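> turn this into a structure:
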Amino acid sequence: MAIGLIQAHAMVMILAFMFFGSNGILIARYGRSLRLGTRRQFFGKAVWFQIHRFLLSLASLLTLLGFILIFSFAGGQWISPQIADKRVFAHSIIGGIILCCTMIQIWLALYRCAPRSRFRFIFDWSHRIIGLLTFGLSIPCMFLMIFLWPMYHTILVTIISLWTGWIVIVILIFEKLECQQRTTVSLAATNARQGDVNPNLQLDIESGANPNVGKQCYYLIKLLLFFLHIIVSITFSVSLIVFIT
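From the prediction side, this is the model:
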């Protein structure tokens with residue numbers, strides 16, 4: 001029963017951060033142009049926001065469940081650094097920080113101010129920073145606990161290392177796309193302003209100055225990346241869960 005609680009804790013935390021958390025964060029940062037067919041709203045809210053809220057709500061619930069499971073295993077007692085392995089104690093501290101950040105995020109989401117409020121920037125930045133901190137801490141938290149499965153230590157280190165590398169790579173690709181898209185939109189706006197002065201001026205479609213062509217191109221590339229990340233996150237999550245169970 002005790003081992004089962006540890007495994008259940010690991011499973012829900014892996015799902016919370018590797019699948020739901022990572023996809024929810026990427027959608028919020030890079031998926032704001034997502035739509036369902038021609039619809040940009042779903043039940044009165046933007047499509048990206050509904051997906052983001054759904055995924056991160058599940059991630060938060062799983063994080064709370066993971067804490068309950070491991071707290072039950074420990075008999076309601078916090079791990080003592082004098083008794084437990086230092087890696088286990090470090091894991092508990094980082095896990096405690098993650099739990100606190102998750103609770104703050106839930107509170108911020110429930111009581112966020114209106115989009116046009118003059119205090120909205122406080123919510124935006126605090127929500128973003130705490131979210132990235134929470135997700136970032138999940139990686140060293142996983143590294144600290146793989147020693148509990150010495151038989152699969154090398155495999156687990158490889159999986160988490162590949163996952164970390166993938167996260168870095170996919171973020172860099174998305175940021176590159178965002179930068180290029182902003183450049184394309186800026187160039188299109190400049191050409192449009194020049195077109196006001198010279199009505200015979202034509203946009204250079206082949207160079208990507210046409211905003212519609214540029215937007216559609218970047219939109220399709222982002223969709224492909226999101227789909228690829230979903231596959232990668234599922235693969236790594238399932239792989240870890242298989243080896244720890």
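
> C-alpha from now on. contacts and neighbour counts both.
Noted.

> wait, residue 46 sits on residue 40?
Yes: the pair residue 46 / residue 40 is scored as a contact, 5.8 Å apart, by Cα atoms under 8 Å.

> what are the ranges of the strands in this structure?
Secondary structure of the chain (DSSP state E): strands at 41-42, 45-46.

> what lines up beside the first one in the sheet?
To tie it back to what came earlier, the one meant is strand 41-42. Sheet pairing of strand 41-42 (DSSP bridges) gives strand 45-46 (antiparallel).

> neighbouring contacts of the strand it pairs with?
32, 40 (Cα atoms under 8 Å, 6 or more residues apart in numbering).

> how far off centre is it?
With Cα atoms, centre = their mean, to the nearest Å as the basis, strand 45-46 stands 19 Å off its chain's centre.

> before we move on, back to that, among the strands of the chain, which comes closest to residue 21?
Within those, the stretch nearest residue 21 is strand 45-46; the backing value is 19.0 Å (Cα to Cα).

> state the mean pLDDT of that closest one.
Strand 45-46 shows a mean pLDDT of 83.

> off-centre distance for stretch 112-123?
Offset of stretch 112-123 from its chain centre (Cα atoms, centre = their mean): 22 Å.

> now the end-to-end length of that stretch.
6 Å (Cα to Cα, to the nearest Å).

> and for stretch 16-36?
25 Å.

> kindly report the same for stretch 32-47.
Stretch 32-47 stretches 8 Å from its first residue to its last (Cα to Cα).

> quick one: contacts of the lowest-mean-pLDDT helix or strand in the chain?
Taking mean pLDDT, DSSP states H and E as the measure, the helix or strand of the chain with the lowest value is strand 41-42, at a mean of 76. By Cα under 8 Å, 6+ apart, the surrounding residues in contact with strand 41-42 are 35, 47, 50.

> which one of these is nearest residue 177?
Nearest to residue 177 among the contacts of strand 41-42, with distances taken as Cα to Cα, is residue 35, at 18.2 Å.

> report the contact partners of the closest one.
Applying Cα under 8 Å, 6+ apart, we find residue 35 in contact with 41, 47-48.

> so how far is residue 9 from it?
Counting by Cα to Cα, the gap from residue 35 to residue 9 is 35 Å.

> try residue 140
16 Å.

> before we move on, back to that, which of the contacts of strand 41-42 lies closest to residue 179?
Within the contacts of strand 41-42, the smallest distance to residue 179 is 21.0 Å, found for residue 35 (Cα to Cα).

> for this protein, longest helix please?
helix 153-197 (DSSP state H).

> distance from the chain centre to it, please.
Distance of helix 153-197 from the chain centroid (Cα atoms, centre = their mean) equals 15 Å.

> understood, closing this out.
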